[in-house]
Structures are given as C-alpha cells and as structure tokens.
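Q: the following block contains a protein sequence and its predicted model.
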Amino acid sequence: MISSHSVPLEHKMVIFFTGLSGSGKSTLAEALNLKLSNSIVLDGDKLRSSYTTPLPHGKEGLDLNTQRIIETTLSLLQNNRYVIGAFVAPDASLRERIKKTINQEGYHFFEVYLNTSIKVCEERDPKGLYQQFRSNGSVRLAGINEIYEVPCDPDLVCDTNLKDVRDTVSEIILKCSKSFFSN
C-alpha cells in the first residue's frame, strides 16, 4: 500500500505507458505523477497538439513524432525531471528507438503495456474516437483500422480491464522500485 505522500525516486527515468486509445495511459500517468516527487507527465495528445505543423499520416508521421518524443523527454530529464510518458506508440521498432536513445543517454526506461481489451477501450472512449469511427470510419485508430504492435518484452503488463487506478499505480511503483531502485 502506498502512503498519500510523494514517493522519492533516486534515479532519473522514463516510465513509458503504451496501449490503445482508452486503455488508461493518461489517467495512470497523472495518478502516478501525484505519487512521485520531481516528476512530469508527457502526454502524447498534448505533445502532438503543441506543434503547429500537423504530422503526416503513416511512417513519416510516426518517425517525426518519435523524434519529438525523444527530444522532449531528454530535455525534461536534463532538468532533473522524471518523465511519465503516455503514448499509443503503435510501432514496436519506434518504441525500441525511444528506449535505446534514453538508455544511451544514461537514463532508465521502464515500459508499461496497458493490456486493455478493445471492448473496454470503446466503452471508456474518453475522446469519442471509437464512436466517431463507428459512425463514419473517418478516424484512424491503432488496434482497429491501424496496426498496434503489442510490446514483446515490456517491463510490466497491466490489465486495466478490471484493476483500478490506485492498485495499478501501486503495482508500477513496486515494480520500478524492484527493477531500478534496490541498488
């Protein structure tokens, strides 16, 4: 059980949530941010909208967005921040590129895959994307009409179909502590 005060971590790191739209990435990132000291959330939707130049669809857009994620994350880490990333990040090779770059810079990278069924994601649908897709098919959704490559070896898999936010955050902190902070 986690106490209500912040949990100090002793190493710089990225906790990287990946999963389908509606899987709980932003919700968990914000909840985790409240528990960690000196942390900041980097949300994929907010990062994407912070640039005036829209990203092209397809591989070119994914590559450019990956570069933006890396640059922003490294900037935040250099300023003594723990970065909690919330990204669909559908392409495994691009997630690996992020991880490799973060690790090469001397930081820890902890990947959390939110294994949430499409049915549950669609029921949550906080942005109305699934409803829009079902209405007219105009939305591109990873796992529906776009590919989502499930991580092969994430540091943690969280089933957010049934587990609540508080228990999931506790599980993440415990696993991070065992993985990186026991030395």
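A: Received, thanks.
Q: the lengthiest helix in the chain: which residues count as buried?
A: Longest helix of the chain, by residue count under DSSP state H: helix 59-78. Residues of helix 59-78 classed as buried by neighbour count (16 or more other CB atoms under 10 Å): 62, 65-66, 68-70, 73-74, 76-77. In this view, the C-beta of every residue, glycine as well, is placed from N, C-alpha and C.
Q: which one in those residues is the model shakiest on?
A: Among the buried residues of helix 59-78, residue 62 has the lowest pLDDT, at 77.
Q: so that one touches residue 91, yeah?
A: Yes - in this structure, residue 62 is within contact of residue 91 by CB atoms under 8 Å, at 5.5 Å.
Q: which residue sits closest to residue 168, ignoring its sequence neighbours?
A: Of all residues not flanking residue 168 in the chain, residue 158 sits nearest, at 5.2 Å (CB to CB, 6 or more residues apart in numbering).
Q: list the residues that contact the one you found.
A: Counting by CB atoms under 8 Å, 6 or more residues apart in numbering, residue 158 touches 28, 112-115, 168, 171-172.
Q: how about the next helix or strand after the longest helix of the chain as PDB, C-alpha atoms only?
A: Heading C-terminal from helix 59-78, the first helix or strand you meet, by DSSP states H and E, is strand 82-87. The C-alpha coordinates for strand 82-87 follow below in PDB (Å, rounded to 0.1, in the frame of the first residue of the first chain):
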ATOM      1  CA  TYR A  82      11.100  12.000 -14.000                       C
ATOM      2  CA  VAL A  83       9.200  11.700 -17.200                       C
ATOM      3  CA  ILE A  84       5.900   9.700 -17.300                       C
ATOM      4  CA  GLY A  85       5.000   9.200 -20.900                       C
ATOM      5  CA  ALA A  86       1.500   8.400 -22.100                       C
ATOM      6  CA  PHE A  87       1.600   7.400 -25.800                       C
END
